[in-house]
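Student: Next input, structure requested:
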Amino acid sequence: MINYNSVLSENVKSLAPSGIRKFFDVLEEMKDAVSLGIGEPDFVTPLHIRESGIHSLENGQTYYTGNAGLSVLREEIAKYLHRRFDLKYGYEHEVIVTVGGSEAIDLAIRALVNPGDEVIVPIPSFVCYGPITTLAGGTPIYIETKAENEFRLTAEELRAAITPKTKALILPYPSNPTGAVMAKSDLEAVAEVLRGTDIMIISDEIYSELTYGQEHVSIASLDGMHERTVYIGGFSKSHAMTGWRMGFACGPADVITQMLKIHQYAIMSSPTTSQYAAITAMQDGDADVQNMRKEYDQRRIHLLNGLRNMGLECFEPRGAFYMFPSIKCTGLSSTEFCERLLLTEKVAVIPGNAFGSCGEGFVRICYASSMEKIGIALERMEKFINKIRTEK
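Tutor: Okay, the predicted model is just below:
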């Protein structure tokens, strides 16, 4: 009998499973449950984008593309970033098309990190940054951002975390799970700390199109930051294209060239059909994004008012499609709150501590669901919280 404990990678065995998935495993067995957990748009990919994918199949375009992606798509990505965020990238050597934003993050970390290097990760944040760093032989250094700062990274926190081993900073804004954004003044303060160092930035801006009441600013647009930033973007959140698995990374050619080598060996190329659909999304998708953003904004306001009316503290999130209310007033831990809410009222939200230890006492609620479902979930949550209060 083979001893799997001895043959499996120690790095992989050391990783904890995602704290998100177990709730969806329970949810699949429940009827009449309302999920405000999964971070996926409830919109269908716009028809004209779907039709581009369909036409590519009808035209027999089922071959591999070049490793970096179709040149016309990379050119359209560069045009889009210049048009929307004043970022300038040469599509020939500074843009790579990836299998979702997640692969782009993985490529960036693996291309930069040597064993023993440190990668600074503000938390609460998306769950993949630390584990990927560990798999690359690096050490994640977590900065616990604070609710009183609306979970934004401060220059002081960053400066205190930097050591001679620091290789990179993950900058995940607009934020999953908090909905926090970094204003230009916040980014300028961070940039000032990094100027004169060799620290790279991996800026995960997958939610860049989903901001409310203020325009998104990329740190790569600031003086001296373009040369040290790997920009991570994609189509899943902005264009409702999760299942198409389309993302991209942009950055200095010296870095993108090394990322491309990993992509060549591990993936080969992104799905051809999806790339043709993405070309249309870049060329003609701005109105689609605007319409979805307006709908998300209405849901955001409705959910925020509902949470506050039931007595939960929550800062107003200005980005992505998540809310991160405090549930400390209930006396329950994040996990207890979510488990009991799911089992008794059939509403799924995610424990805040799934996104880092400082998320304890909070839950993540996703408003990428219809107003009807949000309304039902709010009614059930209020009933649940009132019951908890009577138990005290």
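Student: Please verify my assumption that Gly359 contacts Pro122.
Tutor: No. Look at Gly359 against Pro122 with Cβ atoms under 8 Å: they stay out of range, at 11.7 Å. In this view, the C-beta of every residue, glycine as well, is placed from N, C-alpha and C.
Student: got the residue ranges for the strands in the stretch 101-250 of the chain?
Tutor: Using DSSP state E, counting those that start in this stretch, the strands assigned to the stretch 101-250 of the chain run over residues 118-123, 139-144, 166-171, 200-204, 229-234, 247-250.
Student: Between strand 166-171 and the fifth one, find me the angle.
Tutor: Think strand 229-234. Angle of strand 229-234 versus strand 166-171, following axes from the mean of the first three to the mean of the last three Cα atoms, to 10 degrees, is 40 degrees.
Student: Any buried residues in stretch 182-192, and which?
Tutor: Buried positions in stretch 182-192, judged by neighbour count with 16 or more other Cβ atoms under 10 Å: Met182, Lys184, Asp186, Leu187, Glu188, Ala189, Val190, Ala191.
Student: Burial check on the closest residue to Phe85 other than its chain neighbours, number of neighbours?
Tutor: Excluding the flanking residues, the one nearest Phe85 by Cβ to Cβ, 6 or more residues apart in numbering is Ser218, at 5.0 Å. Ser218: 25 surrounding residues under other Cβ atoms under 10 Å.
Student: isn't Ser218 right next to Ile201, touching?
Tutor: No. At 10.1 Å, Ser218 does not count as touching Ile201 under the criterion of Cβ under 8 Å.
Student: Next, show the common contact partners of those two.
Tutor: Common neighbours of Ser218 and Ile201, counting by Cβ atoms under 8 Å, 6 or more residues apart in numbering, are Thr229.
Student: Make sure Asp288 is actually in contact with His239.
Tutor: Yes. Counting by Cβ under 8 Å, His239 is a contact partner of Asp288 at 6.4 Å.
Student: Looking only at neighbour counts, state which of the two leads.
Tutor: The neighbour count for Asp288 versus His239, taken as other Cβ under 10 Å, is higher for His239 (26 against 19).
Student: looking at the strands of the stretch 101-250 of the chain, which is closest to Glu51?
Tutor: Counting by Cβ to Cβ, Glu51 lies closest to strand 229-234 out of the strands of the stretch 101-250 of the chain; the figure is 20.5 Å.
Student: Which strands and helices lie in contact with the closest one?
Tutor: Packing partners of strand 229-234 (3 or more Cβ pairs under 8 Å, 6 or more residues apart in numbering; DSSP states H and E): helix 71-85, helix 100-112, strand 200-204, strand 247-250, helix 253-266.
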